[in-house]
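**Student:** One predicted model, sequence on top.
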Amino acid sequence: MKRLLITGAAGGVGKMARKRLSHLAQSIRISDIVPMDPIADNEEAIICDLADEATVHALVKDCDGILHLGGVSVEKSYDLIEAANIRGVHNLYEAARMSGQPRIVFASSNHTIGFYPQTTRLTADMPTRPDGWYGISKVYGEAVAQMYHAKFGQETAIVRIGSCFERPVDRRMMATWFSYDDFCRLIERVFAVPALGCPIIWGASANSGGWWDNSHLDWLGWAPEDNSETYRDEIERLPQRPADAPDVLWQGGMFTADPVVKSKDC
Ligand code: NAI
Ligand code: 15L
């Protein structure tokens, strides 16, 4: 690619992706609502609130691919989520439609299905069960991607990320962990494959106790290689959780117990 846009570039996954995926394009346009320092030689930084339509249109212009990581990434007030994840996704897809439809990776979340019990194995075609406004906003983003694909042929990899961190840090993450290496190999493949369409992809490593079935993706040429079992000993040293705790019962873990808040302040 000539130019790849990475939104959410100041965030945890964004910082990692900038370092590890800079080879994907001659130039990386990075964007966030907060400063992104330090900025590498091949990066062009643009501060942008995703809720601001005109700025998002300028941001997307002349990009050949988009890694959309920006937005509210945990349960917060409806007002904050609505601005970044509802209006923000609308702005991004409209901007892409008017700028030659660059291929998009949409960072969706396991919180689209958070209210499934941990005992249920899921395929990507099962109904969503979001666990809060954050999860609902990601269901909305997935629906936007699917509608733009059906109506305009816009290609998106909808990646329902489990827990994308350096290593698993609690018992639930033994099932949900998505290693940085597996994440990056997936993004490389998404931008390399000749035809993408608009698949839902479970963003998780090959964890032995995983809950999600990616067997519909044989054509993609990607399979996760890491396994949370590498960290089994240190996770087993953590205190046991009560059998009725939300993070023991539900796939969405503690998000299922978060309050529903309206105010812009939280
Ligand atoms: P993060 O919270 O560290 O990064 C998100 C970035 O978006 C932040 O730098 C924030 O400043 C920016 N942002 C927030 N509101 C914005 C707005 N209105 N306009 C522009 N930028 C805004 O999140 P993280 O962990 O890096 O996740 C990246 C993406 O992946 C998020 O969309 C998140 O929902 C999704 N995801 C991440 C998971 C994980 O395990 N890290 C799991 C599931 C989904
Ligand atoms: C998410 O969607 C969040 O963005 C991330 O911070 C984690 O909480 C992750 O889900 C998770 O469920 O572990």
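**Tutor:** The structure has been received and is ready for your questions. Nothing here was measured: the structure is a model prediction, and the numbers come from that model. Ligands and ions are numbered 1, 2, ... in the order given.
**Student:** what about the strands in the stretch 101-250 of the chain?
**Tutor:** Ranges of strands in the stretch 101-250 of the chain, per DSSP state E, counting those that start in this stretch, are 103-109, 122-123, 156-161, 200-203, 212-213.
**Student:** Would you reformat these as JSON lines and include distance to ligand 2?
**Tutor:** C-beta here means a position set from N, CA and C on the backbone, and glycine is covered the same way. Shown next, in JSON lines, are these (distance: least, C-beta to the nearest ligand atom, whole Å):
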{"stretch": "strand 103-109", "distance to ligand 2": "4"}
{"stretch": "strand 122-123", "distance to ligand 2": "14"}
{"stretch": "strand 156-161", "distance to ligand 2": "6"}
{"stretch": "strand 200-203", "distance to ligand 2": "10"}
{"stretch": "strand 212-213", "distance to ligand 2": "12"}
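**Student:** which residues does the residue nearest to E229 when sequence neighbours are not counted contact?
**Tutor:** Take E229 and drop its neighbours on the chain: the residue closest to it by C-beta to C-beta, 6 or more residues apart in numbering is S208, 5.3 Å away. S208 makes contact with N227, S228, E229, according to C-beta atoms under 8 Å, 6 or more residues apart in numbering.
**Student:** From ligand 1, how far off is S208?
**Tutor:** For S208, the distance to ligand 1 equals 19 Å [C-beta to the nearest ligand atom, to the nearest Å].
**Student:** And the pLDDT for that residue?
**Tutor:** pLDDT, S208: 98.
**Student:** Quick check: it vs V260, distance?
**Tutor:** Applying C-beta to C-beta, to the nearest Å, the value for S208 to V260 is 35 Å.
**Student:** which stretches of the stretch 151-266 of the chain form helices?
**Tutor:** With DSSP state H, counting those that start in this stretch as the criterion, the stretch 151-266 of the chain has helices at 173-176, 180-192, 232-236, 246-249.
**Student:** to the chain's geometric centre, what's the distance from the third one?
**Tutor:** When you say that, I think you mean helix 232-236. Centre-to-centre, helix 232-236 and its host chain are 26 Å apart (C-alpha atoms, centre = their mean, to the nearest Å).
**Student:** ditto for the first one
**Tutor:** With C-alpha atoms, centre = their mean as the basis, helix 173-176 stands 16 Å off its chain's centre.
**Student:** just stretch 121-141 next, same as before
**Tutor:** Relative to the centre of its chain, stretch 121-141 is centred 12 Å away, using C-alpha atoms, centre = their mean.
**Student:** can you tell me the distance between the two ends of that stretch?
**Tutor:** From its first residue to its last, stretch 121-141 covers 23 Å (C-alpha to C-alpha, to the nearest Å).
**Student:** If you count neighbours, what's buried in it?
**Tutor:** For stretch 121-141, the buried set under the neighbour-count rule, 16 or more other C-beta atoms under 10 Å, comprises 122, 124, 128-141.
**Student:** List the contacts of the closest residue to R160 other than its chain neighbours.
**Tutor:** Leaving aside its chain neighbours, R160 sits nearest to S108 (4.7 Å; criterion: C-beta to C-beta, 6+ apart). Neighbour list for S108: K138, G141, E142, I158, V159, R160, I161, I200 [criterion: C-beta under 8 Å, 6+ apart].
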